[in-house]
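Colleague: predicted structure and sequence below. I'll ask about it afterward.
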Amino acid sequence: MRLRLLVSEAWRSLAANASTTFAATMTVLVGMFILGLFIALFTWTQSWSNHVKRELVVKVDFKTSGERGGPATREQENSVARLLQSNPKIKTATFISKAEAFKQMQRLHPELTRDLPWNPLPDSFEITPVKAEYIHDVAQSLQPAPPGVSKVIEGKRLSNRVITFAHVIDIVFAIGAMVLVLASTLLIANTIRLSIFSRRREIEVMKLVGATNWFVRAPFMIEGLLCGFAGSLLAILLLVLAKAVALPAIHYHGFADAPDVHAWAFPLTALILLGMGIVLGACGSGLTLRRFLRV
């Protein structure tokens, strides 16, 4: 009975103060919509950076017959293979023969291989480190070059840029998420404060007749909870519309071609937004009401 009384009182107050209810709901809507976009952008960018990291490799080219001391012997290639297998920072080391490399070149760039009288490509290893951050250490472990190795190709500039970009994304998301949550809480609290201030006499009367703090606070927290729920639900609906409009454009421009590049699943993002909106609405009401309970 008490819960039903509190809910009915909260609902009556929402209907009686339609303007502040609308303002609080719109505040939650804007905050959760921006947070939803932020989560989608961050998780997609993070997934993309992880995809690029997985493609960062160290390439070891062996000497060919045209180079001094070449071509590399089978013993020299096996020696390099054993060296790579003993390195704990190496995830995989794939051997690519010169014949296989030539077939790949014919498939990818047939115009470059059409008139070649012989195969100029070397045997090689493509090395994937356990972490992208290890790419420089793996390349350095092959210096000086072992016997039979012509060159070690690291792609250091690209790897450093990708790794730095990923770290910047982590920092920006952490700061941005804190700012958005704080700003949303303050906006919701200020909006709800207007409703509470207009009913301060009612609160004083309830306190004077012996109502406990929680009995006074509960209807306002339920109001905030309902506003937070409604605002979050509207934000999710807007995000669904934005997703329907934006995704075809993203696919059209080729930004989502890689199958392992994706943002968090939308139901998970929706649950986060719904929970955040409810918590912010209820907490904003409860915290704002404290000063009016001192009667």
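Modeller: Sure, I can see it.
Colleague: helices of the stretch 151-295 of the chain, start to end?
Modeller: Taking DSSP state H, counting those that start in this stretch as the test, the helices found in the stretch 151-295 of the chain are 156-198, 200-208, 213-252, 266-289.
Colleague: out of the ones you listed, which gets nearest to residue 34?
Modeller: helix 156-198 (6.3 Å; CB to CB). Quick note: C-beta positions are derived from backbone N, CA and C, even for glycine.
Colleague: so can I have CSV of the helices of the stretch 151-295 of the chain showing mean neighbour count?
Modeller: Output for those, formatted as CSV (neighbours: other CB atoms under 10 Å):
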stretch, mean neighbour count
helix 156-198, 16
helix 200-208, 13
helix 213-252, 18
helix 266-289, 20
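Colleague: check the ones you listed for me: which has the lowest mean pLDDT.
Modeller: With a mean of 69, helix 156-198 has the lowest mean pLDDT of these.
Colleague: so how far is residue 26 from the most centrally placed residue in the chain?
Modeller: Centroid-nearest residue in the chain: residue 43, 1.9 Å away (criterion: CA atoms, centre = their mean). Per CB to CB, to the nearest Å, residue 43 is found 26 Å from residue 26.
Colleague: pretty sure the residue nearest to the centre of the chain contacts residue 265?
Modeller: No. Under the criterion of CB atoms under 8 Å, residue 43 makes no contact with residue 265, lying 9.5 Å away.
Colleague: now stretch 213-228, how far from the centre of its chain.
Modeller: 33 Å (CA atoms, centre = their mean, to the nearest Å).
Colleague: show me what counts as buried in stretch 32-52.
Modeller: 32-33, 35-40, 42-49, 52 (16 or more other CB atoms under 10 Å).
Colleague: kindly export that stretch (C-alpha atoms) in CSV.
Modeller: The C-alpha trace of stretch 32-52 is given here as CSV (Å, rounded to 0.1, in the frame of the first residue of the first chain):
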residue,chain,number,x,y,z
MET,A,32,21.9,9.8,-23.1
PHE,A,33,21.7,10.4,-26.9
ILE,A,34,25.2,12.0,-26.8
LEU,A,35,26.5,9.3,-24.5
GLY,A,36,25.1,6.6,-26.9
LEU,A,37,26.8,8.2,-29.9
PHE,A,38,30.0,8.5,-27.8
ILE,A,39,29.9,4.8,-26.8
ALA,A,40,29.3,3.7,-30.4
LEU,A,41,32.1,5.9,-31.8
PHE,A,42,34.6,4.9,-29.2
THR,A,43,33.9,1.1,-29.4
TRP,A,44,34.0,1.1,-33.2
THR,A,45,37.2,3.1,-33.3
GLN,A,46,38.8,0.9,-30.6
SER,A,47,37.8,-2.2,-32.7
TRP,A,48,39.3,-0.6,-35.8
SER,A,49,42.6,0.1,-34.0
ASN,A,50,42.7,-3.5,-32.7
HIS,A,51,42.1,-4.7,-36.3
VAL,A,52,45.0,-2.6,-37.6
